[in-house]
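>>> Build the 3D model from these lines:
(chains A and B, ligands or ions: 2)
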Amino acid sequence: MNILGIRLKKKGTPYGVKVPENKLTAKKQIERAPLPEKAILPLHQNIGAPCEAVVKRGDKVLTGQKIGDSDKFVNAPVHATISGEISGTTMVVNPPTAQLVEALIVTSDGADEWIKLEPPKNPEDLSVKEILARVRDAGLVGLGGAAFPTHVKLSPPKDTKIDTVILNGCECEPYITSDHRVMLEYGEKVLSGLNIINKVLSPDNIYIAIEDNKEDAIDYMEELIVAMGLKDNFKIVPLKSKYPMGAEKILTKMILGREVPIGGLPLHVGVVVHNVSTAKAIHDAVVEGKPFVERVVTVTGAVKNPKNLLVRFGTPLRSLIDYCGGIEGNANEVVLGGPMMGFSQFDFDFPVIKGTNGIIIKESIPINEQDCISCSKCIEVCPMYLMPTLLARYAKAGRYDECKGAYIDDCFECGACAYACPANIPLVQYIKVAKRELAKRAVKK
Amino acid sequence: MSERKFLVSPGPHLWGGLSVSKIMYLVVLALMFPTGAGIYFFGYRAISVIGVSVGTCLLTEYVCKKIRGQPFIMDWSAVVTGVLLGLILPPTIPLWMVAIGAMFAIGIVKEAFGGLGHNIFNPALGARAFMSASFSVPMTTWVKPMGFAADAVTSATPLSGVSNWQQFDPSAYQAMFFGNTAGSLGETSALLILIGGILLLARGIINWRIPAIYIGVVALMSLALGQDPVFHILAGGLMLGAFFMATDYVTSPLTNRGKIIFSVALGVLTVMIRQFGGMPEGVCYSILFMNAFTPLIDRFTKVRPYGLVKRVESAG
Ligand code: SF4
Ligand code: SF4
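Ligands and ions are numbered 1, 2, ... in the order given. Down below sits the predicted model:
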């Protein structure tokens, strides 16, 4: 089906790897997870500045009430996700950064009583400034993984013209289906959110990028664009399923043929990429006036009943795993995020946070590192056209300057190289070590 | 949930599973096609030469690993070397020479340089060059295919008369394509080498650029010199060399650009050695020669990374 040329020709790349998709939950409707008895809410859930608590122990809070905020621009506030009482604070380790962050604990009163929402009378009439204020106040961050505050991404520097917005519905990580389900079940909200992005950035073109393993979502988005009467600059780009198709820089290259300069952002070449779940959350925040307190999380792998769950932030992993029937078989690893770029988590009291799109329970893979046999597989698959074998070789030898010379900064740690390496060399780990060392040196200078 | 032991490991948490030993095993499987041809045409001799070669390679690898205090991993790479060496030897070669060649291949060319991944030269070819120098007569005595018959009749290989280069004699092509001609054990049947090679291409084990460009350049060069390109392609181990030896990971360049330079040079060198070197066999020496240049090619053929606007720091 191709209505009015909305759907563009399928695109693909020779780079990246084909991974077994294991999308066990692709057909499972989103279910609401039980509300937690205690919500653990880290005050630092975005890539920018941490928040300061604006409530204190013993305070009563309502669902959606702001509990942490900051006066920094690159920051997103944190809200209570259930109603109850602030019963204390705790420290949690945030796996991506391995940093200890402070978290507030809200003990539920069982009522889930919301703050009074203030949706705009006429969303159409909101100014760009008002939209951005609402997005910020709702605490939105990018839901594709990096947790970059959304209002910042929607406020490009004055001299930067954004000519293209890409809505990222690729979900190229295996197992995870949260974005897929969001497109199918909240399609109108996604497109409404995208339309708001359109209003803020007024790009020439808007591309909705979806991998071809989600034909149903492609069809549905196409129908909705017509049904909602969206402007004719909305196009759908189907992409051949491959990992890591959904990385911003890869999308920019594939759809527009533009390469983001090393160390730069897509906006440096006039492009902004937003994830579909973020678009839906933008709709909720701007049109419904709802703070960002929940998201869809795929709980899957070796659990009895894999599910797509609508989860309030702060819900401990343990209760979600239990809700899905518990762990089965010989699984011995719990990964937050996708299996390629996600992080192992050992503390099951750790809560779902804004950046959590999946919880995957699996058997860990053995690492039997052998010597590099120069097979070039890592080079062939690297979407950033790097030479991972050299990066690892230099890193192992402590020759970090040579890593820098081999453009290590370009690597976004997608793991395609390590996935393909026959010698089972943990290439990404070596690269991370080198990056950390280089960062330390940069600080010293 | 609490009795379980949970692990924390770095990402990615998935692995493709195509391991080194699986790759080497697939190469051995692919080599079974030319090996089959060798056995069909040269009977017991083929079985014993290849058997001794593989056995000695494995044993040598085992001993070397023990001496260096490393674990012996059965990764099939020694088998690949063993089979390849067997395939590029004359059928009548005395078996003790095969054993010495195999020890040289693994002990000197591979393990002395640090083992798989560290060797500079292709072990089987290195051993063949060494054997040609040490045992020149048996290394150049060829017999007509005799199957399992007892008597072997000495014969010239299609390549041994260099004058044959200009023959343009299509009647010889058929025998050379199927392998019914004098020559090394596994080099005579272009057809079965091709089948094995295509198997490796289909599984993504070897990069098509090397055999395609190597063979293509040999054809073009020979045409330019007014010689018979079909003959050049079918004769003298080019097919086996192009599919199974020039594609050796360790001793060929890393990047596609490097591989292209490498295989063009191989094609040119092979025809030059055949034409001007007075040696009919150019494949073995060309590949060894280019193996030596691989580190240099790698230095100058790095990939341009994504998003490189201007070169700020110099690489490497
Ligand atoms: S080097 Fe970095 S960007 Fe390239 S494949 Fe490996 S992890 Fe991905
Ligand atoms: S994939 Fe692994 S073995 Fe192959 S070249 Fe890269 S690092 Fe070496």
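
>>> Which residue does the stretch 151-300 of chain A have closest to ligand 2?
A:Tyr243 (15.7 Å; CB to the nearest ligand atom). (Glycine included, C-beta is placed from N, CA and C.)

>>> Quick one, grab the pLDDT at that residue.
Note on A:Tyr243: pLDDT of 92.

>>> ok now do it, which residues does it touch?
A:Gly16, A:Val17, A:Lys18, A:Val19, A:Cys172, A:Glu173, A:Pro174, A:Met340, A:Cys414, A:Ala416, A:Tyr419 (CB atoms under 8 Å, 6 or more residues apart in numbering or on different chains).

>>> swap in B:Val217?
B:Ser263, B:Val264, B:Leu266, B:Gly267, B:Val268.

>>> Can you say which of the contacts of A:Tyr243 are buried?
Applying 16 or more other CB atoms under 10 Å in any protein chain shown to the contacts of A:Tyr243, the neighbour count classes A:Gly16, A:Val17, A:Val19, A:Cys172, A:Glu173, A:Pro174, A:Met340, A:Cys414, A:Ala416, A:Tyr419 as buried.

>>> wait, which of those is closest to B:Gly117?
B:Gly117 lies nearest to A:Tyr419 out of the buried ones among the contacts of A:Tyr243, by CB to CB, at 19.5 Å.

>>> Wait, that closest one touches A:Val19, no?
Yes: look at A:Tyr419 against A:Val19 with CB atoms under 8 Å: they come within range, at 6.7 Å.

>>> what touches both of the two?
With CB under 8 Å, 6+ apart as the test, A:Tyr419 and A:Val19 both reach A:Tyr243, A:Met340, B:Leu14, B:Gly16.

>>> so the last one touches A:Ala420, yeah?
What it means is B:Gly16. Yes: using CB under 8 Å, B:Gly16 is in contact with A:Ala420, at 5.4 Å.

>>> more neighbours, those two?
Higher neighbour count among B:Gly16 and A:Ala420: A:Ala420, with 25 against 19, using other CB atoms under 10 Å in any protein chain shown.

>>> So the more buried one sits against A:Lys18, correct?
No: in this structure, A:Ala420 is not within contact of A:Lys18 by CB under 8 Å, at 9.9 Å.

>>> Any idea how many residues pack against B:Leu84?
32.

>>> Excluding residues flanking it in the chain, which one is nearest it?
B:Ala124 (3.8 Å; CB to CB, 6 or more residues apart in numbering or on different chains).

>>> what are the phi and psi angles of that neighbour?
Recorded main-chain torsions at B:Ala124 are phi -60, psi -40, according to degrees, to the nearest 10.

>>> likewise B:Gly38?
According to degrees, to the nearest 10, B:Gly38 has phi -60, psi -40.

>>> mind checking how far the residue of the stretch 1-150 of chain B found nearest chain A is from ligand 1?
For the stretch 1-150 of chain B and chain A, the shortest gap (CB to the nearest CB) falls at B:Pro12, measuring 3.1 Å. B:Pro12 sits 8 Å away from ligand 1, going by CB to the nearest ligand atom, to the nearest Å.

>>> in terms of contact, does that residue touch A:Ala420 like I think?
No: in this structure B:Pro12 lies outside contact range of A:Ala420 using CB under 8 Å: 10.1 Å.

>>> Quick one: low-confidence residue ranges for the stretch 101-250 of chain A.
A:145 (pLDDT under 70).

>>> Do you have the strands of the stretch 301-445 of chain A handy? List them.
In the stretch 301-445 of chain A, the strands defined using DSSP state E, counting those that start in this stretch lie at A:307-312, A:333-336, A:343-344, A:358-362.
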